[in-house]
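Peer 1: What shape does this take:
(2 chains)
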Amino acid sequence: MNAPHPRNWDSLRQSRGRRLERAAAVGLGKAVPAERIVDLLEAVIQPGDRVCLEGNNQKQADFLSESLADCDPARINDLGMVQSVLALPSHVDLFERGLASRLDFSFSGPQGARLAKLVQQQRIEIGAIHTYLELFGRYFLDLTPNVALIAAQAADAEGNLYLGPNTEDTPAIVEATAFKGGIVIAQVNERLDKLPRVDVPADWVDFTVLAPKPNYIEPLFTRDPAQITEVQVLMAMMAIKGIYAEYGVTRLNHGIGFDTAAIELLLPTYAAELGLKGKICTHWALNPHPTLIPAIESGFVQSVHSFGSEVGMEAYVAARSDVFFTGADGSMRSNRAFSQTAGLYACDMFIGSTLQMDLAGNSSTATLGRITGFGGAPNMGSDPHGRRHASPAWLKAGREAAGPNAIRGRKLVVQMVESFREHMAPVFVEELDAWQLQKVMGADLPPIMIYGDDVSHIVTEEGIANLLLCRTPEEREQAIRGVAGFTPVGLARDQAMVENLRDRGIVRRAEDLGIDPRMASRDLLAARSVKDLVRWSGGLYNPPSRFRNW
Amino acid sequence: MSIPRHSYFEATARRRLAGLLDAGSFREILPPAESTPSPHLASLDLPGAFDDGVIVGSGRLAGKPVLVISQEGQFMGGAVGEIHGAKIVGLLRRAVAEKPAAVLFLIDSGGVRLHEANAGLIAISEIMRAVLATRAAGVPVLALVGGSCGAFGGMGIVAKLCSAILISEEGRLALSGPEVIETVAGVEEFDAKDRALVWRVTGGKHRYLMGDCAALVEDDIASFAAAAGAWLAGQQEAGPSLAALRATQTQLENRVAAYAAYRDGLQVWAALGVQNPESVPLLDRDSLVAIKEGLPT
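Peer 2: Numbers count the residues shown, from 1 in each chain, chains lettered A, B, ... in the order given. The predicted structure follows:
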C-alpha cells in the first residue's frame, strides 16, 4: 500500500495564526481603535472567506458592517456572507461594491427590493433563504464562519463581553466561529473596568472595537394600542373564546402584528371575565412586547423567554425577574436560538398574521419585486413531527385532526388576518405571488412562509375556520372561502357547503361562539395608548420618543 | 391598576350622550331622519352627514332637566357649517325659553368648516351670541372638552364664553390649532408634529393648571357625568357681567406679562411652582389635582 498523502490536520488553526500575525504586524492588539478598523478587517479577512455579520431585526453590528463595506475590494472580495438578516443599506453595499458575492441568510426586510434587483442582475448569488434555526444549524455544519463580526454592549480590558438585554444571535455565532478556527471581532458600545456579567469569555474573542455610536436597535415589537381597530378587537375576542379557551393554550408564541397585540390587551379584561386567568397564556416564547405589560401586571403571565429585548423595556424586565430571564446582575438575557427552539418544540400554539393565503392555506409575505425571507415564523408556525411530550392542547388538536386514536398530537398554528389588508388588497387569493416570485428569482421553491398543512385555524373578521376537522381538500377549500369575507375568493364560496361546515363546527361565526359583535369595542382594551402601558408598568416602561405624545 | 372602560376621547358623539345622561332620558331634536345634510358639502361633491356632525336634544343629568349639544369629531373634525351651527343656535334659544337646569355643550371641533366659508363663520358668531344670551337668561352653559379634535378656532372661543369648562387630560383647548401656527409662523415657532409639545401647550392638564378649566376629569364617560353633575349641584349662573370681564382681562394681561417669553408648558409649570414639572405628563388625574390644589394662588 502506498504511503498516504501527507495531510495537514490543523490548517484552520494555522490560518487563524497567520491572520492574527498580520493584525499584529500592522500594530493592532486586542483592543482596536475605531479609526483603524478597516486596517484590522483587511488584515484578518481573506478573499473567499465566509463572513458572518451579526444583525437581526433588532440589534445590528452596524459599525462593523459599514467598515467592511469601506474595505478595498482589491484586497477583500468574493466573500460568502452568512447572516440572519439583511437589513442595513451597508449589507447590500457589500455586494454592490464587489466585496461579497454569495449570501446565505434568513430575512431581508427593508432591503428586500434592492436585494431582488441584485439577484436579477446576477450580482449576488443566493445560497438559500433559511429559517433562523436552519441557519444557526448550518453554522455548525457546512456554513461555519471564518470571521464573525458581532455586536456587544460592553467589553472589559481582557476582552470579556457583556451583551446586554439584546443577546439575540450572538451566542450561536460566537460558538460556531470561535471553536472552528475562526476570528471573532466585536463592536462594543462601551469599555468598562468591570462588566455587569460575562456573556462571552475573553478567550473566545479576538478583537474588540469601541464603536463611535451605540449599535442600532430597532423597536420592532412595539405596537401602539391607539392603532388597534374594533375589527381587531372582535377577531381577538373570537380567538380567545374559540381557540385559547377551548384548547386551554398555556404555552405559546405571538406574532408582532396589531391582531395579536389586541389579544394581549384583552387578557386582563375579556379573558379574565371569561374566567381564563391561570388557564391560558401562562408561558411564552416572546420578545418583551410592551402590550403584554397589562397581562403580566394582572397576574396572567408566569414566564416569558425572549429572542431579543425591546427598546424601552429594560427597566421593566429587570424589575419582573420572576417572569423574564435575567442574569445575576439583574439585566435581561435573551437568546434567539433557544427561544426559537422553545417556539418550535415547547409551544402548543403559534398565532400570527400574513399578507397572502391561498386555498390550500399556504401563506406568504413575499410580494413581487421584494425578497423578504422567513425569519423565525416558519419554525414556530409549523407542527414539529419530532415532538413527543403531550399536553392537553396538543392532544386535543391531534385528535381533531386524526381521530380519537391519533398517535401524535398537533401544534395549533393559527393565522389571524382581516380578509382585506391595506389598499383593499385581498389576503385570500387563488395563487400566491410567491409562485411568480419563484420563477423570476429562479429559486428551487416558492417562498412560502407557513405551509397550509401546518395551519390548524384561520381567524378573520367573518369567523374561525378549523382546518383540523376538514377531511377532504374540498372541505378545506370551502372552510377557507367560508371565512374569506368579500374577497373574490370568499364570494366564490359554495354557500350550502359552507353552511354544512358551519353545522359541523368547522366554520364558526361570532354568534356561534356566543359573541355579540356590537360588544367588540376598544373599551375592552386594557390599555388604549402607549401612555396607558407606561402607567400599567408603574413608570418602568420607557418608550422610544416616536411612540410618545407626552 | 385599571384603565376606565368607556373612553370619552374615543367614543362617538352619540355614545357620549348615551353614557352621560340618565338612562333612557335622551330625546333627540331633529334626528337624522328629519334633518338634511349640508347643501354646501353636496355642491362640492363631498360626503355629508344626516345630522351634519352635531346632535342636539334634551335629557336628564342626575335627575335635573338639561339640554345637550354633542359635536361629532369624527365627521369633518367637528367643524361648524351652516346647518350644524343652526342646530346649536336653535337649541340654545330653546334653552332661553325653557330654562333647563343647564345646557351641556360637548365640544369636539377644530372650529369653522372652511368649505362653507362665510356661512360657517356667521354660524360661529351666532353661537357665541347665543351662548351669552343663554347665560344672561340664567341658564348655565357647561362645556365638556375631551374629544379627539379638542376645542380650537372659533369653538375655542365658544368654550371660553361658557359658564365653565370640564376637561380631560386628552382634551385640548386653544385658539389657533398647532398646524395653523406651524403653517403661519413656521416649524421653528411651533412643531405641530411634536405631539408631546402640543399637549404640554394646549392639553387638559396644562389648561387645568393654568386655571382655565373648572375641573380635570378622567377620560371616562362616567367621570364626565359625575363631574358635570357635581358642577351643576353647586352652580348658580350669575350671567356675564362687566366686572367679571374686567377681572378676566386683568388676569390675562398678568398671564402675558408672566409667561409670554416661555416656549413650553414645562417652563410655565415650573413658574407656577410645580415641583417636578417633567413628571406632570405621566401623573394620573388625582395626583395632578392634588398638585394644583397645593399651588400658591
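Peer 1: check contacts around residue 291.
Peer 2: Here I'm looking at chain A. A:Thr291 sits next to A:223, A:225, A:261, A:264-265, A:527, A:533 when contact means Cβ atoms under 8 Å, 6 or more residues apart in numbering or on different chains. All C-beta spots, glycine's among them, are computed from the backbone N, C-alpha and C.
Peer 1: that's the other chain; I wanted chain B
Peer 2: B:Ile291 makes contact with B:209, B:274-275, B:280, B:283 under the criterion Cβ under 8 Å, 6+ apart.
Peer 1: Let me know the helix or strand that it is in.
Peer 2: When elements are defined using DSSP states H and E, B:Ile291 is found to belong to helix B:285-294.
Peer 1: What average pLDDT does that helix get?
Peer 2: For helix B:285-294, the mean pLDDT works out to 94.
Peer 1: Could you give me the buried positions within that helix?
Peer 2: Residues of helix B:285-294 classed as buried by neighbour count (16 or more other Cβ atoms under 10 Å in any protein chain shown): B:285, B:288, B:291-292.
Peer 1: Between those residues, which sits nearest chain A?
Peer 2: Within these, proximity to chain A (Cβ to the nearest Cβ) peaks at B:Arg285, which comes in at 11.1 Å.
Peer 1: Find the residue closest to the closest one in space, skipping its chain neighbours.
Peer 2: Nearest non-adjacent residue to B:Arg285, counting by Cβ to Cβ, 6 or more residues apart in numbering or on different chains: B:Glu218, 5.1 Å away.
Peer 1: Which pLDDT does the model give that neighbour?
Peer 2: The score at B:Glu218 is 94. That number is its pLDDT.
Peer 1: Neighbours of it, how many?
Peer 2: By the measure other Cβ atoms under 10 Å in any protein chain shown, the count of residues near B:Glu218 is 21.
Peer 1: Could you do the one 3 residues further on as well?
Peer 2: Using other Cβ under 10 Å, B:Ile221 has 24 other residues around it.
Peer 1: what's the neighbour count on the nearest residue to A:Pro288 once chain neighbours are set aside?
Peer 2: Nearest in space to A:Pro288, with sequence neighbours left out and distances taken as Cβ to Cβ, 6+ apart, is A:Met313 at 4.2 Å. Counted with other Cβ under 10 Å, residues neighbouring A:Met313 total 28.
Peer 1: what does chain B have sitting close to chain A?
Peer 2: Contact residues of chain B with respect to chain A, defined by Cβ under 8 Å from any Cβ of the partner chain, are listed as B:1-3, B:5-7, B:10, B:195-196, B:198-200, B:281-282, B:284.
Peer 1: of these, the lowest pLDDT goes to which?
Peer 2: Between those, the one the model trusts least by pLDDT is B:Met1, at 61.
Peer 1: Strands of the stretch 151-297 of chain B, residue ranges please.
Peer 2: In the stretch 151-297 of chain B, the segments counted as strands under DSSP state E, counting those that start in this stretch are B:164-168, B:215-217.
Peer 1: Go ahead and confirm A:Ile129 touches A:Gly112.
Peer 2: No - in terms of Cβ atoms under 8 Å, A:Ile129 does not count as a neighbour of A:Gly112; the distance is 10.9 Å.
Peer 1: Tell me which of the two has more neighbours.
Peer 2: Remark: of A:Ile129 and A:Gly112, A:Ile129 carries more neighbours, 22 against 19, as counted by other Cβ under 10 Å.
Peer 1: Report the spatially nearest residue to that one, omitting neighbours in sequence.
Peer 2: If the residues on either side of it in the chain are set aside, A:Ile129 comes closest to A:Gly373, at 4.9 Å by Cβ to Cβ, 6+ apart.
Peer 1: List the contacts of the one you found.
Peer 2: A:85-86, A:105-109, A:112, A:129, A:447.
Peer 1: Skipping adjacent residues, who's closest to A:Ala25 in space?
Peer 2: Nearest-residue entry for A:Ala25: A:Ala43, 7.6 Å, with adjacent residues in sequence omitted and distances by Cβ to Cβ, 6+ apart.
Peer 1: which of the buried residues of helix B:285-294 lies closest to B:Asp45?
Peer 2: Closest approach to B:Asp45 among those (Cβ to Cβ): B:Arg285, at 43.9 Å.
Peer 1: what sits opposite the nearest residue to B:Ala214 once chain neighbours are set aside in the beta ladder?
Peer 2: Sequence neighbours aside, B:Ala164 is the residue nearest to B:Ala214 in space, at 3.9 Å (criterion: Cβ to Cβ, 6+ apart). With DSSP bridges applied, B:Ala164 shows beta-bridge pairing to B:Leu142.
Peer 1: isn't B:Ala164 right up against B:Arg135?
Peer 2: No - with contact defined as Cβ under 8 Å, B:Ala164 does not count as touching B:Arg135 (10.6 Å).
Peer 1: How about the residue in the stretch 251-400 of chain A positioned nearest to chain B, nearest residue that isn't a chain neighbour?
Peer 2: Ranking the residues of the stretch 251-400 of chain A by distance to chain B (Cβ to the nearest Cβ) places A:Glu297 first, at 7.2 Å. Distance criterion Cβ to Cβ, 6+ apart; nearest residue to A:Glu297, sequence neighbours excluded, is A:Trp536 at 5.3 Å.
Peer 1: which residues sit in contact with that neighbour?
Peer 2: For A:Trp536, the residues meeting the contact criterion (Cβ under 8 Å, 6+ apart) are A:293-294, A:297, A:526-527, B:1.
Peer 1: need the residues you listed in TSV with neighbour count and distance to A:Tyr244, can you?
Peer 2: Listed next are the contacts of A:Trp536 as TSV, based on neighbours: other Cβ atoms under 10 Å in any protein chain shown; distance: Cβ to Cβ, whole Å:
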residue	neighbour count	distance to A:Tyr244
A:Ile293	28	19
A:Pro294	28	16
A:Glu297	19	19
A:Ala526	27	16
A:Ala527	27	19
B:Met1	14	24
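Peer 1: Mind putting these into CSV with secondary structure and distance to B:Thr36?
Peer 2: As requested, those are arranged in CSV below (DSSP: H, G, I helix; E, B strand; the rest coil; distance: Cβ to Cβ, whole Å):
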residue, secondary structure, distance to B:Thr36
A:Ile293, helix, 48
A:Pro294, helix, 45
A:Glu297, helix, 50
A:Ala526, coil, 42
A:Ala527, coil, 41
B:Met1, coil, 47
